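**Student:** Build the 3D model from these lines:
(one chain, ligands or ions: 2)
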Amino acid sequence: KNIHMIAPSILAADFGNLEKDISMVNSSEADWFHIDIMDGVFVPNISFGFPVMQAVAKHAKKPLDVHLMIIDPDRYLQACKDSGASIITVHYEACAHLHRTLSAIKELGCQAGVAINPHTSVQLLKEVIADIDMVCIMSVNPGFGGQTFIANTYTKIKELRHIAAGINDNLLIEVDGGVGLTNAVQLVEAGADVLVAGSFVFNAENPIDAIHRLKNIDVT
Ligand code: DX5
Ligand code: ZN
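**Tutor:** Ligands and ions are numbered 1, 2, ... in the order given. All right, here's what the predicted structure looks like:
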């Protein structure tokens with residue numbers, strides 16, 4: 001089994017000095033930049049849009065993992081790719097024609113992910129699992145950083161790995177929300193490949209060390 005990846009969420013960075021936090025992530029053991037885009041409609045908050053993402057892309061030396069918390073994301077896939085996305089993740093709950101949306105992401109040459117809210121069953125992904133690169137299991141209700149981790153996530157990871165077995169063994173399982181050292185070991189042992197961490201990293205006294213500790217947990 002490959003070592004798990006760490007994706008610090010820029011939502012928790014200092015927007016007044018983004019370049020400093022981007023350099024920190026560049027020089028850390030982090031694997032990706034996690035970019036949270038919100039529309040104030042699908043989720044009850046607005047984060048930032050493509051101009052800010054382009055500014056991140058300009059300095060980032062690692063892939064941008066873009067989490068679109070927006071309704072009807074088809075309208076923005078091209079802009080997302082043009083703004084530097086490597087992975088584009090859309091919400092299951094926000095796509096009336098999810099299969100078409102995922103095909104469009106792949107036609108752009110990006111990797112395709114599907115995010116599911118805490119109330120959404122992993123069973124609903126069965127028909128698209130062969131066609132996607134990643135599932136993002138939300139372990140909080142999307143919209144805000146710094147929320148409390150929801151514990152049914154462990155069961156969902158195991159269930160999803162079971163569904164994907166034999167159909168898509170390369171499927172990446174990402175966990176997003178409330179992730180830190182209190183749950184990282186259990187998440188990776190359950191089958192998570194990518195840990196998104198916002199406040200755990202950026203509120204730490206030493207963010208580089210926080211990333212180092214998340215990356216180097218003892219997994220059995
Ligand atoms: C929540 C976002 C998350 C968030 C995670 O809607 O999708 O990526 O930034 O932040 P923490 O790690 O603080 O829960
Ligand atoms: Zn996110």
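**Student:** Close to ligand 1: what parts of the chain are there?
**Tutor:** When proximity is defined by C-beta under 6 Å from any ligand atom, the chain lies next to ligand 1 at 9, 11-12, 34, 36, 67, 140, 142-147, 176-179, 196-200. Yep, even glycine has a C-beta here, placed from its N, CA and C like the rest.
**Student:** how about low-confidence regions in this protein?
**Tutor:** 1-2 (pLDDT under 70).
**Student:** What ranges does it have for its helices?
**Tutor:** Assigned by DSSP state H, the chain shows helices spanning 18-26, 50-59, 77-82, 98-107, 153-164, 184-190, 199-202, 207-215.
**Student:** nearest to ligand 2, of those helices?
**Tutor:** helix 199-202 (12.1 Å; C-beta to the ion).
**Student:** Export the closest one to PDB, keeping only CA atoms.
**Tutor:** Listed next in PDB are the C-alpha coordinates belonging to helix 199-202 (Å, rounded to 0.1, in the frame of the first residue of the first chain):
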ATOM      1  CA  SER A 199      -7.200  24.400  10.600                       C
ATOM      2  CA  PHE A 200      -5.000  21.500  11.900                       C
ATOM      3  CA  VAL A 201      -2.200  22.700   9.600                       C
ATOM      4  CA  PHE A 202      -2.600  26.500   9.500                       C
END
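**Student:** which other residues reach stretch 39-55?
**Tutor:** Contacts to stretch 39-55, defined as C-beta atoms under 8 Å, 6 or more residues apart in numbering, come from residues 11, 15, 18, 35-38, 64, 66, 69-71, 76, 79-80, 82-85, 91, 93-94, 142-144.
**Student:** Nearest to ligand 2: which residue in this protein?
**Tutor:** For the chain, C-beta to the ion, closest residue to ligand 2: H67, 3.7 Å.
**Student:** can you count the residues close to the closest residue to ligand 1 within the chain?
**Tutor:** Nearest to ligand 1, among the residues of the chain, is G198, at 2.8 Å (C-beta to the nearest ligand atom). The tally of other residues near G198 (other C-beta atoms under 10 Å) stands at 25.
**Student:** Equivalent analysis for H97, please.
**Tutor:** Neighbourhood size, H97 [other C-beta under 10 Å]: 11.
**Student:** hmm, stretch 159-174 touching ligand 2?
**Tutor:** No: applying C-beta under 5 Å from the ion, one finds stretch 159-174 separated from ligand 2 by no less than 8.7 Å.
**Student:** err, stretch 24-34, not the other one
**Tutor:** No: figure legend: stretch 24-34 not in contact with ligand 2 (C-beta under 5 Å from the ion); closest approach 5.6 Å.
**Student:** Quick one: end-to-end distance for that stretch.
**Tutor:** Stretch 24-34 has an end-to-end distance of 14 Å (C-alpha to C-alpha, to the nearest Å).
**Student:** How far off centre is that stretch?
**Tutor:** The chain centroid and the centroid of stretch 24-34 are separated by 14 Å, computed with C-alpha atoms, centre = their mean, to the nearest Å.
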